[in-house]
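Colleague: After the sequence you'll find the predicted model.
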Amino acid sequence: MFQNFDLNQLIIKIATLLFAVTIHEVAHGYVAYRMGDNTALLAGRLTLNPIKHLDFVGSFLMPAMLLLFSSPFIFGYAKPVPVNFTRLRDYRKGTIYVSSAGVVANLGLAIICGVLFRIMLGLELFQHNDFFRPYITELFLFLGYSVMINIVLAVFNMLPVPPLDGSRVLAMFLPISLGQQFARLERFGIIIIMFLLVSNSLSSLFAFIPQLMNLLLGNDGLRLFLVLIGAFK
């Protein structure tokens, strides 16, 4: 189980995950602030300091379990940013914008990191002095893992399962009575999500992730990333 353990890669994975979930939550809070709710601002959550957003289960326990069982993907979540949806200037539009903000932020970050990865690849940095090669390798790993983790977070959070972001967006398109009933499922949300993960029901959804990574990194970029993480030789 631990024969391919690499402390350096573990640190990079944790760093990219913490950054990704922090960006995700700050995006929620910032859009809510722009839409009229300053709850996140008053709570001190509109900050890129990851310590303010850490959640024991989502930021440590879940990623650790995925690593322990050699999951092909690593993801987690941060402590949700507090949002008072009733204070939004336009409840329906504001809820859709705020709920979508985290996913959009993760996709945007994945695209930026993918572009930087391709630029570095085009510069053929591995052909330069061997002294810098370890640092170049770590930068490639950071960008590659950032693309992967941000895609996983975006795809996962689009699921229409309370309390994930996709469920709030879906609720805004349902009749009021049905939307209220749907919202009541949130108390069982974690149980539903864990069941979907344990039963491997999300395998078809996550099957799209390598294709999305290939789109952002390119064929050569994805191949290099897989070689660097030891998944392909």
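Modeller: Thanks, I have it.
Colleague: who are the neighbours in contact with T137?
Modeller: By C-beta atoms under 8 Å, 6 or more residues apart in numbering, T137 lies in contact with L228. The way it works is simple: take the backbone N, C-alpha and C, and place the C-beta from them, glycine included.
Colleague: Helix or strand: which one has it?
Modeller: helix 133-157 (DSSP states H and E).
Colleague: which residues of the chain fall in helices?
Modeller: 7-34, 39-42, 62-68, 91-122, 133-157, 165-171, 176-183, 189-198, 203-206, 209-228 (DSSP state H).
Colleague: Can I get those helices in JSON lines including distance to N49 and mean pLDDT?
Modeller: Converted to JSON lines, these look like this (distance: least, C-beta to C-beta, whole Å; pLDDT from 0 to 100):
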{"stretch": "helix 7-34", "distance to N49": "8", "mean pLDDT": "91"}
{"stretch": "helix 39-42", "distance to N49": "13", "mean pLDDT": "95"}
{"stretch": "helix 62-68", "distance to N49": "19", "mean pLDDT": "72"}
{"stretch": "helix 91-122", "distance to N49": "16", "mean pLDDT": "95"}
{"stretch": "helix 133-157", "distance to N49": "18", "mean pLDDT": "91"}
{"stretch": "helix 165-171", "distance to N49": "22", "mean pLDDT": "91"}
{"stretch": "helix 176-183", "distance to N49": "31", "mean pLDDT": "80"}
{"stretch": "helix 189-198", "distance to N49": "26", "mean pLDDT": "74"}
{"stretch": "helix 203-206", "distance to N49": "30", "mean pLDDT": "73"}
{"stretch": "helix 209-228", "distance to N49": "27", "mean pLDDT": "93"}
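Colleague: okay if I get these as JSON lines plus distance to H53?
Modeller: Below are the helices of the chain laid out as JSON lines (distance: least, C-beta to C-beta, whole Å):
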{"stretch": "helix 7-34", "distance to H53": "5"}
{"stretch": "helix 39-42", "distance to H53": "11"}
{"stretch": "helix 62-68", "distance to H53": "14"}
{"stretch": "helix 91-122", "distance to H53": "12"}
{"stretch": "helix 133-157", "distance to H53": "13"}
{"stretch": "helix 165-171", "distance to H53": "16"}
{"stretch": "helix 176-183", "distance to H53": "24"}
{"stretch": "helix 189-198", "distance to H53": "18"}
{"stretch": "helix 203-206", "distance to H53": "24"}
{"stretch": "helix 209-228", "distance to H53": "24"}
